[in-house]
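Chemist: Quick one, structure for this:
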Amino acid sequence: RWLIWTITVKASKGNWLVGNGPGAFHVSYGRAMEKFFQEPQNKDLIMRADYPDYAFNEYLQLMNETGILGLLLVLLILIPVLIVQLKSRQLLGYALLSLLIFACTAYPLHILPMQILLVVLLSFRRRCLPVKVNKWVIYTISSGIMGYLIYCIPFYYTKVRATQEWAKQKRKIEIAFMDFRHMQDFERYYPILKDNPRFLTDYGYYLKSRKLHGLSIRILKESLEISSDHNIYILIGDNYTMLGNHYDAEEYYKKAHAILPNRLGPLYALAVMYYETNQYVKFHKIAERIVDFNPKVESEVTRYMKYDIMNILTLLNQDHK
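Modeler: Presented below is the predicted three-dimensional model:
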């Protein structure tokens, strides 16, 4: 948690007042994490590196996305209601306090049931400061909010249905080990889910598997505008490799490794590209790093990568002799 919080604070630098923008946490965190692990004093923390979906602290994430102004606005709404409820010894006041404490180490306000619970807890209060507002102002504001919600419901429902259909198809593919989807499926979902980085990454991967490398790169770069997942950089590097653009491929593989330096995948992809393009000097340097590399989580995949690279090294040494 402390590492995530530290990087989140660093990701907020330069935009303290208004933040990086709603939903910009993933991109700003990835860029800050890359710079963080380039600093020599942070090398010992590399094994703890990960790419979280949330900051595990709602207040820090709120500050990252909306700045100090946004954080203060939320606190100005929450704290007075909390004080009134606790002073009147309402049970719901303690529930609200528990939720706000829980938000210091987790992400409850990004979960829909918790969001509903927060609204319910804020609505129950016995006493509050008297404020006189013209009833027509209240009617106008309430009507505007209701009208906006009614207008948004069809779009929200369409997005939920599209997300469910796409996720269901993806689960079937994982079970069947066969991609039975068609281009029309992604083209149908794209206008609705183009703000979903997981969908865009899946779309880019599908296009890569169909050898539509140029279109895959375009879709994956759209995903990078809302996410800094190192897997996206690897996929873009794979596409550039297939197109014969080894310079750009190298840059994206290195970028993927810089974001999560405790992952073996980017180094392995880089080593394979060097070997297949006869860049043996560069290959040897990367191969030595891979052989001595200690991944964060060792698995069959990481063991295969090391084994494959060691076999290639053996073959090259035999050819050299």
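Chemist: tell me which residues in the helix or strand hosting residue 122 are buried?
Modeler: Here residue 122, judged by DSSP states H and E, is contained in helix 112-123. Across helix 112-123, burial judged by 16 or more other Cβ atoms under 10 Å covers 114, 117, 118, 121. (Glycine included, C-beta is placed from N, CA and C.)
Chemist: Report the contact partners of the last one.
Modeler: Residue 121 makes contact with 92, 95, 96, 99 under the criterion Cβ atoms under 8 Å, 6 or more residues apart in numbering.
Chemist: wait, the first one sits on residue 85?
Modeler: Yes: with contact defined as Cβ atoms under 8 Å, residue 92 and residue 85 form a contacting pair (6.3 Å).
Chemist: Look at the two and report which has more neighbours.
Modeler: Taking other Cβ atoms under 10 Å, residue 92 and residue 85 do not tie; residue 85 has more neighbours (24 against 15).
Chemist: and the closest residue to the more buried one other than its chain neighbours, how many neighbours?
Modeler: Nearest residue to residue 85, sequence neighbours excluded (Cβ to Cβ, 6 or more residues apart in numbering): residue 93, at 2.8 Å. Counted by other Cβ under 10 Å, the residues lying close to residue 93 total 21.
Chemist: so what's the backbone phi/psi at residue 93?
Modeler: Phi and psi for residue 93, reported as degrees, to the nearest 10, are phi -60, psi -40.
Chemist: Roughly how far does it sit from residue 27?
Modeler: Counting by Cβ to Cβ, to the nearest Å, the separation of residue 93 from residue 27 is 37 Å.
Chemist: and the next element down the chain from the longest helix seen in the chain?
Modeler: Selection of the longest helix in the chain by residue count, based on DSSP state H, yields helix 135-176. Downstream of helix 135-176, the next assigned helix or strand under DSSP H and E is helix 183-193.
Chemist: tell me which strands and helices that next one is in contact with?
Modeler: Other elements packing on helix 183-193 under the criterion 3 or more Cβ pairs under 8 Å, 6 or more residues apart in numbering; DSSP states H and E are helix 135-176, helix 197-209.
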